[in-house]
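A.B. asks: Show me how the following folds:
(chains A and B)
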Amino acid sequence: MATTIQKPRGTQDVLPKQIAIWQYIEQQLRETCTRFNYKEIRTPMFEHIELFKRGVGDTTDIVSKEMYDFFDKGNRHIALRPEGTASTVRAYVENKLYGETDIQKLYYLGPMFRYERAQKGRLRQFNQFGIEALGSFDPMIDAEVVALAMDFYQNLGLANIKLVINTLGDLESRLAHRQALVAHFTPVVEELCQDCQSRLEKNPLRILDCKVDAKHPSMATAPKIIDYLNDESRVYFETVLATLTQMEIPYVVDPTLVRGLDYYNHTAFEIMLDDPNFGAQTTLCGGGRYNGLVEQLGGPATPGIGFGLGIERLILALEQQNVTLPITDQLDVYVMGLGANAKTASAKLLNQVRQAGLSGEMDYQGRGMKAMFKAANRVQAKYAIILGEEELANHVCQVKNLVEATQETIALNDVVAYLQANQ
RNA sequence: GCGAUUGUGGUGAAGUGGUUAACACAUCUGAUUGUGGUUCAGACAUUCGAGGGUUCGAUUCCCUUCAGUCGCCCCA
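C.D. replies: Sure thing, here's the model as predicted:
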């Protein structure tokens, strides 16, 4: 036997057994978007690497060390997309979607790529669903974006989820906060971890998010963004929270919540699985506002907000919480032909059944009748049709209800009508 | 990228430096000739992730590599 080839590290095959779950989830996502009036957009899975450097940010982990990039035959520097927002905004700008209407509500669904060490809930190719609302700077739409995610999870029946929210403020607020952070941490910088020492210059906000230094005394007393918000930013955030409250969506404000991508400002949120037995990757969904990103990518000044959520992590969470999805994997009929002539006739009959819109299967392994019944059970067929030489001669067949274990003789010409009447 | 750990048939798993690699489930066949999910009998790994080394001999020892899992980092 030739040596087998394995899938690349951090990738996954979704097998037929699992596919019903995926299709169900995807269908729920699309249905949710329809209700919230978000339209799908499909962008390439690879882009010029520059897009992510400019859009997501050079200093972020995603861009600086997790990019799946290569040079193509035309020597273009290409990267597989690590997230969906940059591509969506690029398409928005490139296709001048801002000219169609003043607000665009978009969603995407597809694989993303990040070159990381794989572990449970973290893959090199994973699937993300995300939405982007472009063109509105209204706290109601921040609430709507959060509400869509929560609505989706709740409809699936996923319990034990926690919405964590924070504001990063606008540019002015962030600058004031940043200065305060630098002033606060500079005296103790030597005591912080290596990463935080470099964060102090590049992005001091991220120090707050550091797990290594979480217990350092300077953390508790660190300046909080809330104290540095200007009036506009504060009122905006308060309105977002008030709207969520009106919508009866519970949330927890976490002043230390900092998202990893450079483009965020104002509202930032995560939805996490609130279960201590779940493993290290508890973030199911993350998002926030990114006013300024559209400009940064060459478009007109346009506010935006969105989120991304991971399908693989969602499935893990559903399994962990023992959520059963309403998925049925049944077949309408299993046709059994006995003898050469009847076998041929059964193929014809099966084809008629299928053309009539019913699902069906037959045996292609030369099995005996007993084995065919077992096969029929395995595919969860509702009916078995037995067609032997004798029935064939009389233009009839036996239709057996496998659930009730009842059986009737039906004329071949009436089989389809009989099955349709007994769905 | 770093650290730890694991890798035996379709699946879950025992096991040992040496003539036949347990067991269970699944699958297939049969238990008189055309009827299922129970029971019983039988079949099913020239092979122990891959490559190399030590040895008279390795699935068991060593090295390399690939992959999984967990932790760090980060995030979906």
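A.B. asks: buried stuff in the least confident helix or strand in chain A by mean pLDDT?
C.D. replies: Least confident helix or strand, chain A: helix A:194-202 with a mean of 73, by mean pLDDT, DSSP states H and E. Residues A:196, A:199-200 are the ones in helix A:194-202 that count as buried (16 or more other Cβ atoms under 10 Å). (C-beta placed from N, C-alpha, C; glycine too.)
A.B. asks: Which positions within whichever helix or strand comes after that helix qualify as buried?
C.D. replies: Next helix or strand after helix A:194-202 toward the C-terminus (DSSP states H and E): helix A:217-220. Applying a neighbour-count criterion of 16+ other Cβ under 10 Å, one finds A:Met219 buried in helix A:217-220.
A.B. asks: ok, residues contacting the helix or strand just after helix A:217-220?
C.D. replies: Moving toward the C-terminus from helix A:217-220, the first helix or strand encountered (DSSP H and E) is helix A:231-246. Helix A:231-246 is contacted from outside by A:139-140, A:142-143, A:146-147, A:163, A:165, A:167, A:169-170, A:172-173, A:226, A:229, A:251, A:253, A:266-267, using Cβ atoms under 8 Å, 6 or more residues apart in numbering.
A.B. asks: Provide a ChimeraX selection command restricted to the buried entries of those.
C.D. replies: Remark: buried members of the contacts of helix A:231-246, expressed as a ChimeraX selection using 16+ other Cβ under 10 Å:
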select /A:139,142,143,146,147,163,165,167,169,170,173,226,229,251,266,267
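A.B. asks: which ones among the contacts of helix A:231-246 come in contact with RNA strand B?
C.D. replies: The overlap between the contacts of helix A:231-246 and the neighbours of RNA strand B (Cβ under 7 Å from any atom of the strand) is empty.
A.B. asks: how's chain A carved up into domains?
C.D. replies: Chain A breaks down by automatic domain parsing into domains covering A:16-170+A:230-320, A:331-421.
A.B. asks: who does the least confident helix or strand of chain A touch, helix- and strand-wise?
C.D. replies: helix A:171-185 (3 or more Cβ pairs under 8 Å, 6 or more residues apart in numbering; DSSP states H and E).
A.B. asks: list the buried ones in the helix it packs on?
C.D. replies: For helix A:171-185, by 16+ other Cβ under 10 Å, it's A:173-174, A:176-178, A:180-181, A:184-185.
A.B. asks: Now do A:Leu419, the pLDDT please.
C.D. replies: pLDDT for A:Leu419: 94.
A.B. asks: which residues touch it?
C.D. replies: A:332-333, A:353, A:356, A:358, A:383, A:399.
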